[in-house]
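>>> Predicted structure and sequence below. I'll ask about it afterward.
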Amino acid sequence: MKIYRLHKKQKFPISIDKAWDFLSKPENLKIITPDYMSFDILSGADRPMYPGQIIQYIVTPILGIKTKWVSEITQVKRQNYFVDEQLYGPYALWHHKHFIKAIDGGVEMEDIIDYKLPLGWLGQLVNPFLVKPKLEEIFEYRQKKLTELFGDY
């Protein structure tokens with residue numbers, strides 16, 4: 001069983017209050033997701049995040065294939081971190097930790113995603129040229145959109 005990790009950090013010249021206010025609203029995920037993914041929240045984003053919150057959405061991650069994704073917010077520590085885990089979707093495992101901390105002149109946001117692909121060795125075979133590059137592209141887009149929204153550190 002191969003588990004992969006994606007790790008990203010970014011700094012912004014904003015207060016931790018402003019950063020948390022944006023990140024703790026699930027509907028803002030649409031703003032930082034590439035348009036071609038046709039991200040559409042079906043339910044669960046009607047209030048700020050809390051442990052146990054279930055969010056359902058449709059996304060088109062690759063090859064134009066629409067996929068239902070169901071996530072649970074499993075942990076939340078206000079202005080510090082939250083964790084979402086896929087309950088149903090394209091991955092055999094998806095565990096995404098979002099950290100935020102105050103630094104001199106702003107905040108640092110950190111994402112750590114541990115994921116496992118379905119289909120055993122076939123999933124492992126496609127990760128380096130299909131899945132990992134697509135995840136890198138999505139998170140580069142997020143970093144760009146967040147910089148447009150909050151400025152560059």
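Sure, I can see it. Numbers count the residues shown, from 1 in each chain.

>>> same question for the lengthiest helix in the chain, mean pLDDT?
Secondary structure assigned by DSSP state H gives helix 132-150 as the longest helix of the chain. The average of the pLDDT scores along helix 132-150 is 95.

>>> so what does it touch, helix or strand wise?
Counting contacts by 3 or more Cβ pairs under 8 Å, 6 or more residues apart in numbering; DSSP states H and E, helix 132-150 packs against strand 4-12, helix 16-23, strand 106-116. From N, CA and C alone the C-beta is placed, and that goes for glycine too.

>>> Now tabulate those in CSV and tack on mean neighbour count.
Shown next, in CSV, are the helices and strands packed on helix 132-150 (neighbours: other Cβ atoms under 10 Å):
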stretch, mean neighbour count
strand 4-12, 15
helix 16-23, 17
strand 106-116, 18
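
>>> For the residue most central in space within the chain, what is the enclosing helix or strand?
Centroid-nearest residue in the chain: residue 96, 6.5 Å away (criterion: Cα atoms, centre = their mean). Using DSSP states H and E, residue 96 falls within strand 93-103.

>>> what does that strand rub up against?
Strand 93-103 is contacted by residues 3, 11, 15-16, 19-20, 23, 71, 79-86, 107-116 when judged by Cβ atoms under 8 Å, 6 or more residues apart in numbering.

>>> So what sits opposite the residue nearest to the centre of the chain in the bridge?
residue 84, residue 113 (DSSP bridges).

>>> and if you look at the one 10 residues further on?
The partner list for residue 106 in beta bridges (DSSP bridges) reads residue 103.

>>> and the gap between it and residue 67?
35 Å (Cβ to Cβ, to the nearest Å).

>>> Enumerate the positions of the strand or helix carrying residue 125 that are buried.
In this structure, residue 125 sits in helix 121-126 according to DSSP H and E. Neighbour-count burial for helix 121-126 flags residue 123 (criterion: 16 or more other Cβ atoms under 10 Å).

>>> what's the answer for stretch 51-71, then?
53, 55, 56, 57, 59, 61, 69, 70, 71.
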